[in-house]
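K.L.:
here is a sequence with its predicted model. Questions after.
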Amino acid sequence: MRAAPGDRQEQVSQLLFGEHFTILEKQSTWIKIRIAHDSYIGFIDSKQYKSISESEFLDLETVDPYISFELYTELIPYSVVSKCPEDFVSNHFSDFKILNGSILPSFKNGFCSIANELFTVKGDITRFSPFSEKLLERFMLLYANAPYQWGGRSIYGIDCSGLTQLFSRFAGVKIPRDAADQALTGRSVPSLNDALAGDLAFFVNDVGKIIHVGILTGRETIFHASGQVRIDKIDDLGIYNTGNKTYTHTFHSLMRIF
């Protein structure tokens, strides 16, 4: 997803399989969209989406989604070949894989469907569950050491607010895309002495602008994306990198969203 139409434009976010959006404008081979779950606006290549019906869109808006929780989930595509809804045959396309955090529209009995196409699903599928430290630990095992990528939202490249937003999905909470907006979500936590695992911690630059966010794993450690997804120390001053023996981010505030 780009800030402006064009392959060389800044990547501002990414869409995962099954995420829906509305089209705001069409420009040649690029379309301007608004993502439904966080209202983020940007441009995607027109080859990278499928149109869905209004009823499918409304289902995605109102039904708690099934989500892929493995590193990747395998989908085997099928095509409708008659008016009988049970009559499906393979369309001979190769199997493909969707990433952790992807949505499985209309999932039932090992199948999902989107844009009148049916898929056999092979993988660990879940619905959101309330926050728990066990859920956080499982998420951390998947994303530890993933490379940092500006605008990224996947195991192959992710930024700080993409990491917190994606984890929130598994805990059943929708939060904005950017760190500064996430800092306005939830309930303020007075200090690290009052913090719990799962609280979000925010950090500022030299002029006081919020530029970074991470997930507390306790009152003294934080899981965040900085160079790579990692665990670092945190105190009232900020994030302390024990390897470099320096503070890398200046502490600003805490919010509780779970």
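P.N.:
All right, it came through fine.
K.L.:
please parse the protein into its domains.
P.N.:
1-49, 54-127, 133-256 (automatic domain parsing).
K.L.:
deepest in the core, which of those domains is it.
P.N.:
Among these, domain 133-256 has the highest mean neighbour count (mean count of other Cβ atoms under 10 Å), at a mean of 17. Every C-beta, even on glycine, is put in place using the N, C-alpha and C of the backbone.
K.L.:
which intervals of the stretch 151-258 of the chain have sub-threshold pLDDT?
P.N.:
Across the stretch 151-258 of the chain, nothing is flagged by pLDDT under 70.
K.L.:
what are the ranges of the helices in it?
P.N.:
Secondary structure of the stretch 151-258 of the chain (DSSP state H, counting those that start in this stretch): helices at 160-170, 179-182.
K.L.:
can you tell which of the ones you listed is closest to residue 10?
P.N.:
Nearest of those to residue 10, taken as Cβ to Cβ: helix 160-170 at 14.5 Å.
K.L.:
hmm, who's touching the closest one?
P.N.:
By Cβ atoms under 8 Å, 6 or more residues apart in numbering, the residues outside helix 160-170 that reach it are 13-14, 38, 67, 69, 100-101, 126, 128-129, 135-136, 139, 143, 151-153, 158, 174-179, 182, 200, 212-215, 223-226, 229, 257-258.
K.L.:
and residue 188, bridged to which residues?
P.N.:
Beta-bridge partners for residue 188, by DSSP bridges, are residue 255.
K.L.:
nearest residue to the middle of the chain?
P.N.:
In the chain, the residue lying closest to the centroid (Cα atoms, centre = their mean) is residue 166, at 3.1 Å.
K.L.:
returning to what we had before: want to throw the helices of the stretch 151-258 of the chain into JSON lines with distance to residue 192?
P.N.:
Putting the helices of the stretch 151-258 of the chain into JSON lines (distance: least, Cβ to Cβ, whole Å) gives the following:
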{"stretch": "helix 160-170", "distance to residue 192": "17"}
{"stretch": "helix 179-182", "distance to residue 192": "18"}
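K.L.:
pretty sure residue 131 contacts residue 171?
P.N.:
Yes: the criterion here is Cβ atoms under 8 Å, and residue 131 meets it with residue 171 at 4.3 Å.
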